[in-house]
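S.K.: have a look at this prediction, sequence included:
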Amino acid sequence: MKKLVVFCFVTSIFFSLQAQKIYATKTGQVSFNASSPIEKIAGVNNQVDSKMVDKSGQIVFSILIKSFKFENQLMEDHFNENYLESTKFPKADFKGFITNISTVDFTKDGKYPITVEGTLTIHGVSQKVSTQGTLVMSKGKPAISGVFKIKIKEYGVTGLYIGDKIANEAEITIDCKYE
Amino acid sequence: MMKKKILLATILFLLISGTSVWYYVFVYSKNHHREVANEKGIAVAAREIVKEFQLNEKVANEKYLNKAVVVAGEVSDVKTDQAGQTTVTLKSDDAFSNVFCTLKSGNSKPELGKTIRVKGICNGFLSDVVLNEAILENNPQ
């Protein structure tokens, strides 16, 4: 009898572990846009590391600031040296949850609206963020996209041109395909 | 007469310097990007650079961050990222932490299992050591 209980216990753990799936990518895309009417300031990062758990909706993004590539080399250098100080703060990350993960059916292809809440850390400063996005299931693989705005100064980023040539708010665009 | 000459020279000087600044900021910087091929890279084995970052990320960042590095290692994965660029993973001794390189366009895809050398700019450490703008090195240094 005891053996049977242990057996049932072990198998149930085994199944519950199996039921949870972690989706991951190392090549997610995140774009940064702080263009003002005067100047186009936009960078793209194709080396974003992200993981997501289907059951709990837990989601993390890890970003290297130096992976943002700009059309203009001088802008890229200024972005790194004068604004984000990427030598001192090489990384940015987001840790949070998809709060309505129960509405997503990972077994069925389709488009699901999601709400993401969590903590965004840029330039060594953490702030709570909440945003809407979309999760698309296609051939059993999820992709997440979303756009949200951050106030640059809230992250302790100061610099000569913010509010002038550089917009006060930067638009962050997420586009990550998971496996 | 003298005054006029000085004024003319000043205007000419301002015009030239203004044009050169504009040219440097908006034209030159758009067409001239950092080229890893022109830089001398720090040679290191994939397993060594991963170990260094795992041991002390701060010290390793001081040594490698934003610098050109030439990493030697066995190809364990070749993929294409969302922008269509080829990515190559070089194996270390730790299965969960390797060297992840995004190649510049125009590079051929390396074969799995082959030991190669990749030269790129070190952008830092996530779960892997990350190299960007990388090129495949053919000839031994």
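M.R.: Okay, I see it. Numbering: from 1, shown residues only, chains lettered A, B, ... in the order given.

S.K.: just the mean pLDDT for stretch B:110-128, thanks.
M.R.: Average pLDDT, stretch B:110-128: 95.

S.K.: please enumerate the strands of chain A.
M.R.: Here chain A has its strands, by DSSP state E, at A:22-35, A:42-53, A:58-64, A:68-70, A:91-98, A:110-122, A:125-138, A:141-151, A:166-177.

S.K.: the first one packs against which elements?
M.R.: So the one you mean is strand A:22-35. Packing partners of strand A:22-35 (3 or more CB pairs under 8 Å, 6 or more residues apart in numbering or on different chains; DSSP states H and E): strand A:42-53, strand A:58-64, strand A:166-177. C-beta: built from backbone N, CA, C; applies to glycine.

S.K.: reformat the strands of chain A as JSON lines; add mean pLDDT, mean neighbour count and distance to B:S105.
M.R.: Formatted as JSON lines, these follow (pLDDT from 0 to 100; neighbours: other CB atoms under 10 Å in any protein chain shown; distance: least, CB to CB, whole Å):
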{"stretch": "strand A:22-35", "mean pLDDT": "94", "mean neighbour count": "19", "distance to B:S105": "15"}
{"stretch": "strand A:42-53", "mean pLDDT": "96", "mean neighbour count": "21", "distance to B:S105": "12"}
{"stretch": "strand A:58-64", "mean pLDDT": "97", "mean neighbour count": "21", "distance to B:S105": "20"}
{"stretch": "strand A:68-70", "mean pLDDT": "95", "mean neighbour count": "21", "distance to B:S105": "13"}
{"stretch": "strand A:91-98", "mean pLDDT": "96", "mean neighbour count": "20", "distance to B:S105": "26"}
{"stretch": "strand A:110-122", "mean pLDDT": "96", "mean neighbour count": "17", "distance to B:S105": "29"}
{"stretch": "strand A:125-138", "mean pLDDT": "96", "mean neighbour count": "14", "distance to B:S105": "26"}
{"stretch": "strand A:141-151", "mean pLDDT": "95", "mean neighbour count": "17", "distance to B:S105": "23"}
{"stretch": "strand A:166-177", "mean pLDDT": "92", "mean neighbour count": "19", "distance to B:S105": "20"}
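
S.K.: tell me which of these sits nearest to A:Y83.
M.R.: strand A:166-177 (7.9 Å; CB to CB).

S.K.: need the CA coordinates for the closest one. CSV is fine.
M.R.: Only the C-alpha atoms of strand A:166-177 are listed here, as CSV (Å, rounded to 0.1, in the frame of the first residue of the first chain):
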residue,chain,number,x,y,z
ILE,A,166,16.0,63.2,-28.2
ALA,A,167,12.4,62.6,-27.2
ASN,A,168,11.6,62.5,-23.4
GLU,A,169,9.8,59.1,-24.0
ALA,A,170,11.4,56.2,-25.7
GLU,A,171,9.3,53.6,-27.5
ILE,A,172,10.4,50.0,-26.8
THR,A,173,9.1,47.4,-29.3
ILE,A,174,9.3,43.7,-28.5
ASP,A,175,9.2,41.0,-31.1
CYS,A,176,10.3,37.6,-29.8
LYS,A,177,9.8,34.2,-31.4
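
S.K.: the closest residue to B:T80 other than its chain neighbours: how many residues sit nearby?
M.R.: Distance criterion CB to CB, 6 or more residues apart in numbering or on different chains; nearest residue to B:T80, sequence neighbours excluded, is B:T86 at 6.0 Å. Applying other CB atoms under 10 Å in any protein chain shown, we find 20 residues neighbouring B:T86.

S.K.: and for B:V59?
M.R.: B:V59, neighbours per other CB under 10 Å, totals 11.

S.K.: and for B:C122?
M.R.: When neighbours are counted by other CB under 10 Å, B:C122 comes out with 29.

S.K.: that one touches B:L65, doesn't it?
M.R.: Yes - taking contacts as CB atoms under 8 Å, B:C122 lies within contact range of B:L65: 6.0 Å.

S.K.: that older thread, now distance to chain B too, for the helices and strands packed on strand A:22-35, in a markdown table please.
M.R.: Converted to a markdown table, the helices and strands packed on strand A:22-35 look like this (distance: least, CB to the nearest CB, whole Å):
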| stretch | distance to chain B |
| --- | --- |
| strand A:42-53 | 4 |
| strand A:58-64 | 4 |
| strand A:166-177 | 6 |
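
S.K.: okay, these in a markdown table with distance to A:P142 next?
M.R.: Shown next, in a markdown table, are the helices and strands packed on strand A:22-35 (distance: least, CB to CB, whole Å):
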| stretch | distance to A:P142 |
| --- | --- |
| strand A:42-53 | 7 |
| strand A:58-64 | 11 |
| strand A:166-177 | 8 |
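
S.K.: tell me how far the residue nearest to the spatial centre of chain B lies from B:V129.
M.R.: With distances taken as CA atoms, centre = their mean, the residue of chain B nearest its centroid is B:I121 (2.7 Å). From B:I121 across to B:V129, the span is 12 Å (CB to CB, to the nearest Å).

S.K.: out of the strands of chain A, which gets nearest to B:V75?
M.R.: Judging those by CB to CB, what sits closest to B:V75 is strand A:22-35, at 15.3 Å.

S.K.: list the buried residues for the helix or strand of chain B with the lowest mean pLDDT?
M.R.: Least confident helix or strand, chain B: helix B:29-31 with a mean of 79, by mean pLDDT, DSSP states H and E. Residues of helix B:29-31 classed as buried: B:S29 (neighbour count, 16 or more other CB atoms under 10 Å in any protein chain shown).
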